[in-house]
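>>> A predicted structure for the sequence below; I have some questions about it.
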Amino acid sequence: MKVTKILVSQPKPSTGKSPYYDIAEKYGVEVVFRPFIKVEGLPAREFRQQKVSLPDFTAVIFTAKTAIDHFFRLAEEMRFTVPETMKYFCTTKSIADYLQKYTIYRKRKIFKAETGKIADLVPYFLKHKNEKYLYAVSEVNNGDDAKVLEDHKLNFTRAVMYRTVSNDFGPDEAFDYDMLAFFSPQGIESLTKNFPDYQQGDTVIATFGANTAKAAKEAGLRVDVEAPNPAAPSMTGAIELYLKESNGVATAD
């Protein structure tokens, strides 16, 4: 089936440059950005119910930029001035770089992995065994990461700072897409919540990551495009490979 309209379940890029725009032009398709999920931060009142006191900690572990935003938001709401001595442990370089939005970047207090895996921060953790770690997470969090911290006997506290919720569709909102691209299991959950009687038919489902593909299949969906894969490490690369076969390259009139 030829694809003419793609829904990408992520926010619209903040700039006019995106591989999705290149795909749209090259293959003559319409790309619509429409998140299925949105992030809500816990208000300070709800956060306090976890009995977590921010001044007790000397280091913070971040696995997402969103966690950084909500850590500093909660600190401000709770009138806690984050000390210059605070250390930060980040699972990717981009997350570490994002800290510059809130604090001066110094190598001696910001440590980063390259792969996105918390296990790759272990060498840094072992050099800083005496820190009291705050692990800033979402309500739905990978328990395997916490196990890594437990296995290395780190003094850490898991603190939920934000949650992911379904971004509901309005009753008059059109849903006439030939391809749906999902990036998390929560996106799949939102699809089934918004459209409980959804029938996939010929619609192409694209997923990023093994957990997303697994959630789609468990929901009874047929996954036509899986990324990353050996031929395409990105979602855009995987989509382009599919369009190359189904659509061919658009030609100018």
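In hand now; what should we look at?

>>> helix, strand or coil for the spatially closest residue to Thr103 that is not a sequence neighbour?
By the measure of C-beta to C-beta, 6 or more residues apart in numbering, the closest residue to Thr103 outside its immediate chain neighbours is Val82, 7.2 Å from it. Heads up, the C-betas are built off the backbone N, CA and C, glycines and all. Secondary structure of Val82, reduced to three states by DSSP: H, G, I helix; E, B strand; the rest coil: coil.

>>> these two touch, right, Leu180 and Leu191?
Yes. If you go by C-beta atoms under 8 Å, Leu180 and Leu191 touch, sitting 7.4 Å apart.

>>> What sits closest to Asp224 if chain neighbours are left out?
Of all residues not flanking Asp224 in the chain, Val204 sits nearest, at 4.6 Å (C-beta to C-beta, 6+ apart).

>>> Could you report the pLDDT at the one you found?
Looking at Val204, its pLDDT is 98.

>>> Helices of the stretch 51-200 of the chain, residue ranges please.
65-77, 93-98, 122-127, 143-151, 185-194 (DSSP state H, counting those that start in this stretch).

>>> Output the below-cut-off pLDDT ranges for this structure.
Residue ranges of the chain with pLDDT under 70: 141-143, 249-253.

>>> and with 80 instead?
Applying pLDDT under 80 to the chain picks out residues 1, 16, 105, 107, 115, 140-144, 247-253.

>>> sorry, back to before: and the residue nearest to Asp224, what does it touch?
Residues near Val204 by C-beta atoms under 8 Å, 6 or more residues apart in numbering: 1, 3, 178-180, 224-225, 242.

>>> any chance of those residues in TSV, with neighbour count and distance to Asp56 too?
Listed next are those as TSV, based on neighbours: other C-beta atoms under 10 Å; distance: C-beta to C-beta, whole Å:
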residue	neighbour count	distance to Asp56
Met1	12	57
Val3	20	52
Asp178	18	52
Met179	23	48
Leu180	26	44
Asp224	18	49
Val225	21	46
Tyr242	17	50
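
>>> So which of those residues sit within strands?
Among the contacts of Val204, the members found in strands (DSSP state E) are 179-180, 225.

>>> Which member of the residues you listed is positioned nearest Thr164?
Relative to Thr164, the closest of the ones in strands among the contacts of Val204 is Leu180; by C-beta to C-beta it sits at 17.9 Å.

>>> Give me the three-state assignment for Ala24.
helix.

>>> Am I right that it is in contact with Phe33?
No. Counting by C-beta under 8 Å, Phe33 is not a contact partner of Ala24; they are 11.1 Å apart.

>>> which residue ranges form the strands in the chain?
5-8, 30-33, 37-41, 59-62, 87-90, 110-112, 132-138, 155-166, 179-182, 204-208, 225-227.

>>> Quickly run through the sheet partners of the last one, with directions.
Just to be clear, that refers to strand 225-227. Here strand 225-227 has these sheet partners by DSSP bridges: strand 204-208 (parallel).

>>> Just the buried residues of stretch 8-19, please?
8-10, 18 (16 or more other C-beta atoms under 10 Å).

>>> Val148: which of these is nearest?
Closest to Val148 out of the buried residues of stretch 8-19 is Gln10 (27.9 Å), distances taken as C-beta to C-beta.

>>> I figured the closest one hits Phe183, correct?
Yes. Assessed by C-beta under 8 Å, Gln10 is found in contact with Phe183 at 6.3 Å.

>>> So which of the helices of the stretch 51-200 of the chain is the most surrounded?
Comparing these by mean neighbour count (mean count of other C-beta atoms under 10 Å), helix 185-194 ranks first with a mean of 20.

>>> Which other helices and strands does that helix contact?
Helix 185-194 sits against strand 37-41, strand 155-166, strand 179-182, helix 210-218, with contacts defined as 3 or more C-beta pairs under 8 Å, 6 or more residues apart in numbering; DSSP states H and E.

>>> is it possible to export the ones you listed to TSV including distance to Glu114?
Supplementary listing: these in TSV, determined by distance: least, C-beta to C-beta, whole Å:
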stretch	distance to Glu114
strand 37-41	25
strand 155-166	22
strand 179-182	26
helix 210-218	20
